[in-house]
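Participant: Coordinates for the following, if possible.
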Amino acid sequence: MNKSIRVSALTLIAGSLAMSFAFAPHALADDDFPAIADQRGTHVLDRERPEYDAVGIHAGSFMIYPELALGVTSDDNVFGTQNNSEGDIYYGVSPSVSIESDFGRHELNVNGYTDSRFYSSDTSEDRFDWGVGVDGIIEVSQFTQIQANAGYDELTEDRTSTNRVAGGIEPTEYDTFNAGITLNQRFNRLTASVGAQYTENDYKDDAAVGGGVIDQDFRDHDKLEIPARLSYDVSPDTSIFVAGSYNTRSYDQQPPAVAVNRDSDGYDVGVGAAFDFTNLIRGEAFVGYLSQEYDQAGFAKVDGIDFGLNGEWYASELTTVTAGINRTVEESSTAASSGHLDTTFNVGIAHELQRNIILSADGLSLMSTLKASPERTKPSQLVLLSNIS
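Facilitator: All right, here's what the predicted structure looks like:
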């Protein structure tokens, strides 16, 4: 069992407060804004707070919203080891900026961020991640919409990642580029959507413990996914749907440069329902089947029952409880394994203590079943994560 518990002792989201104060001529009292009605049906973290929301900077047809997040987190298993775990405290600094259009009909948004961690003792785990992205919506007509997105990120792989290569002095760094497009079309109560999402992953080499270099180029790969969904509105509060997707994964290095060919093709298909019970519970659930087959002779396919749940319970005007389940087929970096099936469970709660103070806690459990070749399944690996802010 690989277990990691992370507790955030202090998290300060400074963007909404600090930027409001910086760009507003004066701090506004509650009386300057109309009363906000019961907002159950909207997550506590997403609700309107005009007396504290950032005013932003007006620039032509765009609004600019800078933000700064600061945090202190205690991690009891920094290196993600099964035994002899080591804990440490790290400090997080995450500035970001969002540029949002105000066109009236179409949308164009640009965002950028950096995310830094500074550890008290284990400075080898320090990281600096950053990324930029753009997304937009073209309203072709009242019933037709085109969405598009693109982004580039330089990230650090978590030590608890089920796909990581062990033995590096520092966590593995990698780059990812993604781009996608989706067409949404509505026919009265029927809504159809189809799209394509492309992702490119490039892993950096690691300095090995004891000397030498760990070559990570064998992990570089591209993924193309084509999702589709057809839903029908049974009522204003309930819809049923059938959804599926096809994906192909292609690795940069092929035999004889590497020992095995990890290229694969897969699909998932399922049926489900989206529901909204009054203004107290909202969510979506589905069940289906997924499968991933590999080009390498002797590699066993990864398949199984697919299921998922995403829900929100608005327990009161001040409290929101969330829960989710998700299954995915992930890549493997082990020569004797084709891939692994990950099942993620998460739960969270957010409570508005005051208009400008929100307490939140969330936990995540990951079960990973590694598919070995020849056909057999290795025991599941369990990773537990928690966060309080």
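
Participant: mind listing the helices for the stretch 1-150 of the chain?
Facilitator: Counting by DSSP state H, counting those that start in this stretch, the segments of the stretch 1-150 of the chain that form helices are 15-23.

Participant: For it, which residues score under the pLDDT cut-off?
Facilitator: Counting by pLDDT under 70, the low-confidence segments of the stretch 1-150 of the chain come to 1-40.

Participant: how does it look with 80?
Facilitator: Residue ranges of the stretch 1-150 of the chain with pLDDT under 80: 1-41, 48-50, 52-54, 76-77, 80-84.

Participant: now the stretch 151-300 of the chain
Facilitator: Applying pLDDT under 80 to the stretch 151-300 of the chain flags residues 160, 162, 278-279.

Participant: Now do the strands in it.
Facilitator: 173-187, 190-203, 206-207, 213-214, 221-235, 238-251, 264-277, 281-294 (DSSP state E, counting those that start in this stretch).

Participant: partner strands of the third one, parallel or antiparallel?
Facilitator: To tie it back to what came earlier, the one meant is strand 206-207. Strands flanking strand 206-207 in the sheet, each with its direction: strand 213-214 (antiparallel) (DSSP bridges).

Participant: State which strand of this protein is the longest.
Facilitator: Secondary structure assigned by DSSP state E gives strand 337-354 as the longest strand of the chain.

Participant: Just tell me which of the strands of the stretch 151-300 of the chain ends up closest to D362.
Facilitator: strand 281-294 (16.5 Å; Cβ to Cβ). Placement of C-beta: from N, CA and C, glycine included.

Participant: And the contacts of that closest one?
Facilitator: By Cβ atoms under 8 Å, 6 or more residues apart in numbering, the residues outside strand 281-294 that reach it are 41, 241, 243-244, 247, 261-276, 300-314, 327, 329, 338-339.

Participant: E225 - how many residues pack around it?
Facilitator: Burial of E225, expressed as a neighbour count using other Cβ atoms under 10 Å, amounts to 18.

Participant: Test my guess that it contacts R249.
Facilitator: No - under the criterion of Cβ atoms under 8 Å, E225 makes no contact with R249, lying 9.3 Å away.

Participant: mind checking which of the strands of the stretch 151-300 of the chain is nearest G131?
Facilitator: Closest approach to G131 among those (Cβ to Cβ): strand 173-187, 8.5 Å.

Participant: Buried residues, the closest one. List them.
Facilitator: Applying a neighbour-count criterion of 16 or more other Cβ atoms under 10 Å, one finds E173, Y174, N178, G180, T182, L183, N184, R186 buried in strand 173-187.

Participant: Against which helices or strands is that strand packed?
Facilitator: Contacting strand 173-187 under the criterion 3 or more Cβ pairs under 8 Å, 6 or more residues apart in numbering; DSSP states H and E are the following elements: strand 144-156, strand 190-203.

Participant: how far off strand 190-203 does it point, in degrees?
Facilitator: Interaxial angle of strand 173-187 relative to strand 190-203 (axes from the mean of the first three to the mean of the last three Cα atoms, to 10 degrees): 170 degrees.

Participant: got the angle for strand 173-187 vs strand 221-235?
Facilitator: Between the axis of strand 173-187 and that of strand 221-235 there is an angle of 30 degrees, by the same axes, to 10 degrees.
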